[in-house]
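> My questions concern the predicted model and sequence given below.
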Amino acid sequence: DAWTKTWDTVVSVMEPALIESAREISAMTPADHMKRLVQDSWALVEKDLDAHGIKFFMRIFTIAPGALQLFSFKDVKDLEKSPELAAHAGTVMRTVGQAVAGLSDVQSLIPVLQSLGGAHAKYGVQPEHFPIVGEALLWTLEQGLTPAGAWTPQVKEAWVNTWDAVVSVMEPALRQEMCSSEDSVSRAKRLVRQTWGLVEDKERLGVILLQRLFEVDPDLLKLFSFKSVS
């Protein structure tokens, strides 16, 4: 009888709270639900933020080793134990935390992200770095949340959508700042490098280029060792 009364008391306290929680969830918009998943999961990551920050940056350098050259600690020997990396990683992770908290007021968050995106232009950050950072962030979250059983498909989807939204704000700001701060020669160099990187079959392109040269001026063929090839 004592246990029955105790259980009835527990139910009388918990049941109204569960009903109210269910009502809140059912009333949530998809955006609200995504925000809640991101904020709740980030709260777990924050319990060991510095360690996750180092993992995050080490993952970036694993995916894209060349990215290390953008940082002042690029020549440090034992990078993972570097105080410089730890300090920078901690700052970045706290910035991520501020952005996560800012999801509660998106209109106020947008100009902050725009400013952040533009500010990174002077550090040599390129638009193609965003996918690398996104991949490293998701990996870090997976490593941190999986042991607690908190890295679910729904949480992953919420983070992917959130990151895509962040990039949609930061990348245009970065590009705009890059264009406004570049002189014409630097901009031309950057565009040439970017477009050249898109050419998958460079040998085929070389053949097409020579064929076009010989069409424009057949006499140019005489300058090459393969001039007599039929």
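Done, it's in.

> Tell me which residues touch residue 114, please.
Applying C-beta atoms under 8 Å, 6 or more residues apart in numbering to residue 114 gives the contacts 169-170, 173. All C-beta atoms are positioned from the backbone trio N, CA, C, and that covers glycine.

> again, but for residue 123
residue 70.

> Dihedrals phi and psi, it?
phi -90, psi 0 (degrees, to the nearest 10).

> ditto for residue 229
Per degrees, to the nearest 10, the backbone of residue 229 is at phi -70, psi 130.

> cool, and residue 126?
phi -120, psi 160.

> about what we covered before: so which of the contacts of residue 114 is the closest to residue 130?
residue 170 (7.4 Å; C-beta to C-beta).

> do you know how far the residue nearest in space to the middle of the chain is from residue 203?
Compute the mean C-alpha point of the chain, and by C-alpha atoms, centre = their mean the closest residue is residue 134, 2.5 Å away. Plainly put, residue 134 is 33 Å away from residue 203 if you go by C-beta to C-beta, to the nearest Å.

> buried set for the longest helix belonging to the chain?
Longest helix of the chain, by residue count under DSSP state H: helix 153-181. Buried positions in helix 153-181, judged by neighbour count with 16 or more other C-beta atoms under 10 Å: 155-156, 158-159, 162-163, 165-167, 169-171, 173-174, 177-178.

> From those residues, which one has the minimum pLDDT?
Within those, residue 178 has the lowest pLDDT, namely 86.

> Disregarding residues adjacent in the polypeptide, which is nearest to that residue?
Sequence neighbours aside, residue 121 is the residue nearest to residue 178 in space, at 4.8 Å (criterion: C-beta to C-beta, 6 or more residues apart in numbering).

> Would you agree the one you found is in contact with residue 174?
Yes. Assessed by C-beta atoms under 8 Å, residue 121 is found in contact with residue 174 at 5.6 Å.

> by contact count, what packs against the longest helix of the chain?
For helix 153-181, the elements it packs on are helix 30-45, helix 106-119, helix 129-145, judged by 3 or more C-beta pairs under 8 Å, 6 or more residues apart in numbering; DSSP states H and E.

> Distance from the chain centre to stretch 68-84, please.
Here the centre of stretch 68-84 is set off from its chain's centre by 20 Å, with C-alpha atoms, centre = their mean, to the nearest Å.

> Run through who's touching that stretch.
54, 58, 61, 85, 88, 123-125.

> What is the most widely separated pair among the residues you listed?
So, the contacts of stretch 68-84 by C-beta to C-beta: farthest apart are 54 and 124, at 21.8 Å.

> what about these two, which has more around it?
Remark: of residue 54 and residue 124, residue 54 carries more neighbours, 20 against 12, as counted by other C-beta atoms under 10 Å.

> quick one: contacts for that one?
Contacts of residue 54 (C-beta under 8 Å, 6+ apart): 80, 85-86, 89.

> Farthest pair within the buried residues of helix 153-181?
Applying C-beta to C-beta across the buried residues of helix 153-181, the maximum distance is between 155 and 178, 33.4 Å.

> Residue 49 against residue 96, yeah?
No. Contact between residue 49 and residue 96 fails when scored by C-beta under 8 Å: they sit 9.1 Å apart.

> Those two: who's more crowded?
Higher neighbour count among residue 49 and residue 96: residue 96, with 20 against 16, using other C-beta under 10 Å.

> distance between the helix or strand hosting the more buried one and the chain's centre?
If you go by DSSP states H and E, residue 96 is part of helix 83-102. Computed by C-alpha atoms, centre = their mean, the chain-centroid distance of helix 83-102 equals 13 Å.
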